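Student: Next come a sequence and a model predicted from it.
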Amino acid sequence: MAISGKTIAGIKIPDSAMASQATELLREHGSELLYNHTLRVFLFAALNGKQNKLRYDPELLYVSTMFHDLGLTAHYRSDDKRFEVDGANAARDFLTGYGVSPHSLQLVWDTIALHTSPGIAEYKEPEVALLNYGAALDVIGKGYDHLSVTDREEIVKQFPRNELKKNMIITFFDGFKHKPHTTYGSINSDICACMIPGFEKKDYCDLILHSPWSE
């Protein structure tokens, strides 16, 4: 289905060459689950921006959204970085080829890197806050009641959920099961605890008490 330039739930999908290429990278390297999730996230984020009359760059938000979970995929994931950082780095490299300004590169990097950081993202620039909002709405239903039934049904009809509740934890885990140490201090450690028998999350209090300082 060609989505470039299409209007869904009153939101137009960006149709620039940059946006279209970002979509194609998601199609190429992401699963159907990630593709549909990602498009829903953008629409939820943009609807929230529209409802709250926020000023933001739709194209930068869109590209950020296309890359926000690509750090989970075999093509983009590293052996030693959080998946959010892998996605942010990939987006920065991608945008550099389009001559995007340093400020916009940093904005997109932050938007992706912080999208799983509740308590921080919502106080950053609108693009950062909106991606965090859209992702949280799609995955855990945060803000569900603020989404109209009409918009919800139209978006899910266009981009089905693919049994996300059952499949998203596995999708996340597959992206960083080879590097569970990178999940320290993030919500991703909960996924490791769920999926790895006997997994023990690092305890910050233990780290303080067992630091090398002598006192």
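Tutor: Looks like it came in fine. Note that the structure is a prediction, hence the values are computed from the model and not measured.

Student: Please count neighbours and contacts with C-alpha atoms only from this point.
Tutor: OK.

Student: where does this protein have low pLDDT?
Tutor: Along the chain, the model assigns pLDDT under 70 to residues 1.

Student: Now do the contacts for the most centrally placed residue in it.
Tutor: By CA atoms, centre = their mean, the mean C-alpha position of the chain lies nearest to residue 68, the distance being 3.5 Å. Listed by CA atoms under 8 Å, 6 or more residues apart in numbering, the contact set of residue 68 reads 38, 84, 87, 88, 112, 113, 115.

Student: Then residue 121?
Tutor: Per CA under 8 Å, 6+ apart, neighbours of residue 121: 111, 114, 115, 128, 129, 132.

Student: which residue sits closest to it, ignoring its sequence neighbours?
Tutor: Leaving aside its sequence neighbours, residue 121 sits nearest to residue 129 (CA to CA, 6 or more residues apart in numbering; 5.1 Å).

Student: The lengthiest helix in the chain - contacts with which helices or strands?
Tutor: Ranked by number of residues, the top helix in the chain under DSSP state H is helix 32-51. Helices and strands touching helix 32-51, by 3 or more CA pairs under 8 Å, 6 or more residues apart in numbering; DSSP states H and E, are strand 11-12, helix 58-67, helix 126-140, helix 149-158.

Student: what lines up beside the first one in the sheet?
Tutor: Sheet pairing of strand 11-12 (DSSP bridges) gives strand 7-8 (antiparallel).

Student: so how far is the partner strand from its chain's centroid?
Tutor: 21 Å (CA atoms, centre = their mean, to the nearest Å).

Student: Next, count neighbours for residue 185.
Tutor: Per other CA atoms under 10 Å, the neighbour tally for residue 185 reads 14.

Student: pretty sure it is in a helix, no?
Tutor: No: going by DSSP: H, G, I helix; E, B strand; the rest coil, the assignment for residue 185 is coil, not a helix.

Student: that older thread, name the stretch among the helices and strands packed on helix 32-51 that sits most buried.
Tutor: Among those, ranked by average contacts under mean count of other CA atoms under 10 Å, first place goes to helix 58-67 (a mean of 25).

Student: out of the helices and strands packed on helix 32-51, which comes closest to residue 202?
Tutor: helix 126-140 (24.1 Å; CA to CA).

Student: From the contact counts, what lies against that closest one?
Tutor: Against helix 126-140 (3+ CA pairs under 8 Å, 6+ apart) you get helix 32-51, helix 58-67, helix 102-113, helix 164-176.

Student: Out of those, which is closest to residue 9?
Tutor: Across the helices and strands packed on helix 126-140, closest to residue 9 is helix 32-51 (CA to CA), at 7.8 Å.

Student: Can I get that closest one as CSV, trimmed to CA atoms?
Tutor: The C-alpha trace of helix 32-51 is given here as CSV (Å, rounded to 0.1, in the frame of the first residue of the first chain):
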residue,chain,number,x,y,z
GLU,A,32,5.2,-6.2,9.3
LEU,A,33,4.6,-5.8,13.1
LEU,A,34,7.2,-3.0,13.3
TYR,A,35,6.0,-1.3,10.1
ASN,A,36,2.4,-1.1,11.3
HIS,A,37,3.4,-0.1,14.8
THR,A,38,5.6,2.6,13.5
LEU,A,39,3.0,4.2,11.2
ARG,A,40,0.4,4.1,14.1
VAL,A,41,2.9,5.8,16.4
PHE,A,42,3.5,8.6,13.9
LEU,A,43,-0.3,9.1,13.5
PHE,A,44,-0.9,9.0,17.2
ALA,A,45,2.0,11.5,17.8
ALA,A,46,0.8,13.9,15.0
LEU,A,47,-2.8,13.8,16.3
ASN,A,48,-1.6,14.7,19.8
GLY,A,49,0.4,17.5,18.3
LYS,A,50,-2.6,18.7,16.4
GLN,A,51,-4.9,18.5,19.4
